[in-house]
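# requesting a structural model of the entry that follows:
(one chain, ligands or ions: 2)
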Amino acid sequence: MYPGDVDFSNGHEGTLGKRSLINPRPPFPHPGYISTMFAAKFMGVTLCRKVIEKKLSYPTNPSSQGEGDTSQIMVTDTTPNGDESIDDPDDSALGTALHQIDRAAQHVDVDEGVLELMKNPTRVVEVTVPVERDDGSIETFTGYRAQHDDVRGPYKGGIRYHPEVTAEEAVGLSMWMTWKCAVMDLPFGGAKGGVVVDPNDLSRKENERLTRRFTEELRDVIGPTIDIAAPDMGTGPQTMAWMMDAFSMQQGETIPGVVTGKPPIVGGSVGREEAPGHSVAIITREFIDYQDRDLKDTTVAVQGYGSVGANAARALDKWGADVVAVSDVKGTVYNPEGLDTQTIPSYDEQPNAVTTYEEGEILDADELLELDVDVLIPAAIGGVLTEDNADDIQADIIVEGANGPTTSGADEIFAERDIPLVPDILANAGGVTVSYFEWLQDINRRKWDLERVNEELEEFMLSAWNDVREIYEERELTWREAAYVLALERVGEAKAYRGLWP
Ligand SMILES: NC(=O)C1=CN([C@@H]2O[C@H](COP(=O)(O)OP(=O)(O)OC[C@H]3O[C@@H](n4cnc5c(N)ncnc54)[C@H](OP(=O)(O)O)[C@@H]3O)[C@@H](O)[C@H]2O)C=CC1
Ligand SMILES: O=C(O)CCC(=O)C(=O)O
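Ligands and ions are numbered 1, 2, ... in the order given. Predicted coordinates for the structure are as follows:
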């Protein structure tokens, strides 16, 4: 502990000793499911909140979006319970996440029942979010929060605003959060949520109203020791500030620890925004070193120039690598001599502006993936490296900045082609790691400076890198399998100690 910190951790800050903060609810859901419906009247619109615990058939992106009809939620017994064929997984986030568990399960000594349990989320909440548009009309959006597992600590994970958000996707992403927190040895479990919306179609005021209402709808299932949200695609520090304020207003006191990734002035941590990209850069640097190569002779291509991509590109550029290509949805900018990443506008600085940079050739967005570079960093969306393009990838190394950018089929092709791939649950884990630092700062009512944040981030990343590397070397697995083995063993051991609720 640093001097002056209030010790809320029973002397185990940074370890799994934070039992006093762990949600005392049973770690396993009761058998069967509970469906609770709340109805309320608001501005003449009937609202339904459905909290569905277990046994949920995940609805796809509702085609009725925007028409106010979100009443179709199925409660059936078709859980994602591992029916995915190991030989023929589907390429969705959930399909990929389930397949990855199956692959890793072949190399771990974890109870079969626990493995089966880990293929199911504890709870998925679907909410209806009415928003008053600036013209006075009411539009209805659908939001989700998937809570996968909390055996190691409160649920933790980002909130995504994107038109293709689905309950299924949230479940897959929540599973990855469980593994990510376990790989980093953070006292958190896994969750993920989102709203089916294109944030570019919302004014700032509409975005604020949507965020506040979404938070209100999630009030019963989130909290600083229950489930702690954070930014993801389409959300950022401002979104988190609104969420924190909405939750705090409902509770009657300021509760900064309910979300992380806030602006530092309202309890956020310096360095959080840069952290996922920063950790991608740290892991890339370590991997290059591990291969006895020199970062200064390394060319890098980064897909996506948002929070993760821009910060990864800029850190690697600063440390001497040649970032030769970056992209956003509109296209790629490519210069084999290297780009000046500081002067290319990131999504946050100016959305969709990568191709306005004049010192390079403009290519199609997807062309970036197949460039002949040393390191490819997909840092935009999921499922971009597939069986269809895996044979055309020319990079020597892939470091996953985004969550789930590689389908299972592509994973196998890269393994056959001996292209090492460092998985998301290690590489981009700096985000949730600095979120953990932020949460500690909020609980302790303390502020860390950037030097301390970056020092501790470096320490956590190197420790996780070494843990994964040891398993990789000892057991001759892929890097993804090694990271999964570490995560599954940690979660399995925690479950064994805590036991099943009688
Ligand atoms: N934010 C976080 O804390 C963390 C995020 N992640 C993951 O990283 C990924 C990116 O998230 P984040 O950086 O926050 O998101 P942002 O919304 O900040 O940025 C996403 C970027 O990806 C670009 N993009 C979207 N689609 C494509 C495409 N088809 N081709 C090329 N570029 C594209 C966007 O382009 P445009 O600007 O043109 O829209 C934008 O530059 C996601 O998978 C997320 O889950 C992982 C860990 C933490
Ligand atoms: O910071 C966090 O809590 C989670 C960030 C996130 O969503 C992720 O790592 O995918």
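
# count of neighbours near E476?
Neighbourhood size, E476 [other CB atoms under 10 Å]: 10. No exception for glycine: its C-beta is placed from N, CA and C like everyone else's.

# now the strands for this protein?
Across the chain, reading from the start of the chain, the strands by DSSP state E fall at 34-42, 45-53, 123-132, 138-149, 155-162, 190-196, 227-231, 299-303, 322-328, 331-334, 361-363, 375-378, 397-399, 421-422.

# out of those, which is closest to ligand 1?
In this view, the strands of the chain are compared for proximity to ligand 1 by CB to the nearest ligand atom, and strand 322-328 is the closest at 3.2 Å.

# residue contacts, the residue in the chain that ligand 2 sits nearest to?
Residue nearest to ligand 2 within the chain: G158 (2.5 Å; CB to the nearest ligand atom). When the contact criterion is CB atoms under 8 Å, 6 or more residues apart in numbering, the partners of G158 are 173, 177, 192-193, 229-233, 235, 261, 431.

# before we move on, the earlier item: quick one: the strands of the chain as JSON lines, columns for mean pLDDT and distance to L94 too.
Formatted as JSON lines, the entries for these read as follows, by pLDDT from 0 to 100; distance: least, CB to CB, whole Å:
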{"stretch": "strand 34-42", "mean pLDDT": "27", "distance to L94": "21"}
{"stretch": "strand 45-53", "mean pLDDT": "34", "distance to L94": "16"}
{"stretch": "strand 123-132", "mean pLDDT": "98", "distance to L94": "11"}
{"stretch": "strand 138-149", "mean pLDDT": "98", "distance to L94": "10"}
{"stretch": "strand 155-162", "mean pLDDT": "98", "distance to L94": "14"}
{"stretch": "strand 190-196", "mean pLDDT": "98", "distance to L94": "11"}
{"stretch": "strand 227-231", "mean pLDDT": "98", "distance to L94": "19"}
{"stretch": "strand 299-303", "mean pLDDT": "98", "distance to L94": "22"}
{"stretch": "strand 322-328", "mean pLDDT": "97", "distance to L94": "26"}
{"stretch": "strand 331-334", "mean pLDDT": "97", "distance to L94": "29"}
{"stretch": "strand 361-363", "mean pLDDT": "96", "distance to L94": "32"}
{"stretch": "strand 375-378", "mean pLDDT": "98", "distance to L94": "19"}
{"stretch": "strand 397-399", "mean pLDDT": "98", "distance to L94": "22"}
{"stretch": "strand 421-422", "mean pLDDT": "98", "distance to L94": "20"}
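
# same for the longest helix along the chain, what does it pack against?
Under DSSP state H, the helix in the chain containing the largest number of residues is helix 450-475. In terms of contact count using 3 or more CB pairs under 8 Å, 6 or more residues apart in numbering; DSSP states H and E, helix 450-475 is assigned the packing partners helix 167-183, helix 275-290, helix 424-427, helix 430-444, helix 479-498.

# where does the protein have low pLDDT?
By pLDDT under 70, the low-scoring segments of the chain are 1-89, 501-502.

# could you rerun that using 50?
Residues of the chain that meet the criterion pLDDT under 50 lie in 1, 3-4, 6-86.

# mind listing what the residue in it that ligand 1 sits nearest to touches?
Among the residues of the chain, G306 lies nearest to ligand 1; the distance is 1.7 Å by CB to the nearest ligand atom. For G306, the contacting residues are 233, 328, 346-348, 379-380, taking CB under 8 Å, 6+ apart as the criterion.

# residue numbers of the stretch 301-450 of the chain in contact with ligand 2?
On the criterion CB under 6 Å from any ligand atom, ligand 2 has as its neighbours in the stretch 301-450 of the chain the residues 403, 428, 431-432, 435.

# want to throw those residues into JSON lines with neighbour count?
Written out in JSON lines, the entries for these read as follows (neighbours: other CB atoms under 10 Å):
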{"residue": "N403", "neighbour count": "29"}
{"residue": "N428", "neighbour count": "29"}
{"residue": "G431", "neighbour count": "28"}
{"residue": "V432", "neighbour count": "28"}
{"residue": "S435", "neighbour count": "30"}
